[in-house]
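> Okay, here's the prediction I keep looking at, along with the sequence it came from:
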Amino acid sequence: MVVSSEDADFQPGADVLVTGCGLSETIDGGYSEYARIDSKSLVALPGGMTCAEAMQIGTAGYTAALAIHRMEQNNQMPDLGPVVVTGATGGVGSVAIDMLAGRGYEVVGVTGKAAEEDYLRKIGAQQILLRDEIDFGKRPMEKALWAGAIDNLGGDYLAWLTRTMKYGGNIASIGLAASHELNTTVMPFILRAVCLLGINSVDTPHELRRAVWARIGGDLKPQHLDTIGSRTISFDELPDAFQAYIDGTVTGRIVVRIAENP
């Protein structure tokens, strides 16, 4: 959502945006042409970024950036080894792959959509793992494979990640598309110093939100938005778009055009 603000914290007429913050969850206005929003939820549109690009990135892209920001605050670096992204073709996963590749990371995408391998490689994944072919293992710790991970699935996939992280690896836990449960042991956290980072894009403190969006306009700016967010629909088409999300068949991001002349 992009709006024009007259708030004292912004220049008159400045373009600002709001992502997350409960919009369309606990606060009305996510699909409205005009909305009254708490100014603490607003962030100035990064310089050089268009309103359309901001919405191609959206809450999903912000969440991906927040995960990378938190991981790098915890000493994640490209030279430590590969970073794996589960739910790779979704909004968060797609933007995360793009951003990580842009930062120089070796990125591995985990997906259940074998037909989307070309898409994932185009946006920056160097290796593709199909979900159905993953051997979760049975031991408290398996072979150490990943220096970091961004997980959108939870459940057995997140447990598998804890068992296969390298020493000091960061796991950014974002979603629960597979399950909200986590069955694991403390051994990876103690013996390999694995760090599990919870990523909450709704209640992010304002200064952290501003810092992350500044990075999205800078070193984390996605390079393949025209691929990830290639589809734009009108407001009238919105009801027909929801079922694909429920079915898990959407790839990338869909932008909703609220008004013809915003």
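Great, that's in hand. Numbering: from 1, shown residues only.
> quick one: the lengthiest helix in the chain to chain centroid distance?
Among the segments of the chain that qualify as a helix by DSSP state H, the longest is helix 51-73. A distance of 6 Å separates the centroid of the chain from that of helix 51-73, by CA atoms, centre = their mean, to the nearest Å.
> Any buried residues in it, and which?
Applying a neighbour-count criterion of 16 or more other CB atoms under 10 Å, one finds 53-72 buried in helix 51-73. The way it works is simple: take the backbone N, C-alpha and C, and place the C-beta from them, glycine included.
> And the strands in the protein, which stretches?
Using DSSP state E, the strands of the chain run over 2-5, 14-17, 43-44, 83-86, 107-111, 127-130, 146-151, 165-173, 195-198, 231-234, 254-257.
> Contact partners for residue 105?
Applying CB atoms under 8 Å, 6 or more residues apart in numbering, we find residue 105 in contact with 78, 82, 83, 148.
> circling back: render the CA-only coordinates of the longest helix of the chain in PDB, please.
The C-alpha coordinates for helix 51-73 follow below in PDB (Å, rounded to 0.1, in the frame of the first residue of the first chain):
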ATOM      1  CA  CYS A  51       5.400   2.900  -5.900                       C
ATOM      2  CA  ALA A  52       4.800  -0.100  -8.200                       C
ATOM      3  CA  GLU A  53       8.200  -1.600  -7.100                       C
ATOM      4  CA  ALA A  54       7.400  -1.100  -3.500                       C
ATOM      5  CA  MET A  55       4.200  -3.100  -3.900                       C
ATOM      6  CA  GLN A  56       5.900  -5.800  -5.900                       C
ATOM      7  CA  ILE A  57       8.100  -6.200  -2.900                       C
ATOM      8  CA  GLY A  58       5.300  -5.700  -0.400                       C
ATOM      9  CA  THR A  59       5.000  -7.400   3.000                       C
ATOM     10  CA  ALA A  60       6.600 -10.600   1.700                       C
ATOM     11  CA  GLY A  61       9.700  -8.800   0.400                       C
ATOM     12  CA  TYR A  62      10.000  -6.800   3.600                       C
ATOM     13  CA  THR A  63       9.800 -10.000   5.600                       C
ATOM     14  CA  ALA A  64      12.500 -11.500   3.500                       C
ATOM     15  CA  ALA A  65      14.700  -8.500   4.000                       C
ATOM     16  CA  LEU A  66      14.000  -8.400   7.800                       C
ATOM     17  CA  ALA A  67      15.200 -12.100   7.900                       C
ATOM     18  CA  ILE A  68      18.400 -11.300   6.100                       C
ATOM     19  CA  HIS A  69      19.000  -8.200   8.200                       C
ATOM     20  CA  ARG A  70      18.600 -10.200  11.400                       C
ATOM     21  CA  MET A  71      20.800 -13.000  10.100                       C
ATOM     22  CA  GLU A  72      23.600 -10.600   9.200                       C
ATOM     23  CA  GLN A  73      23.300  -8.900  12.500                       C
END
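> Good, we can wrap up now.
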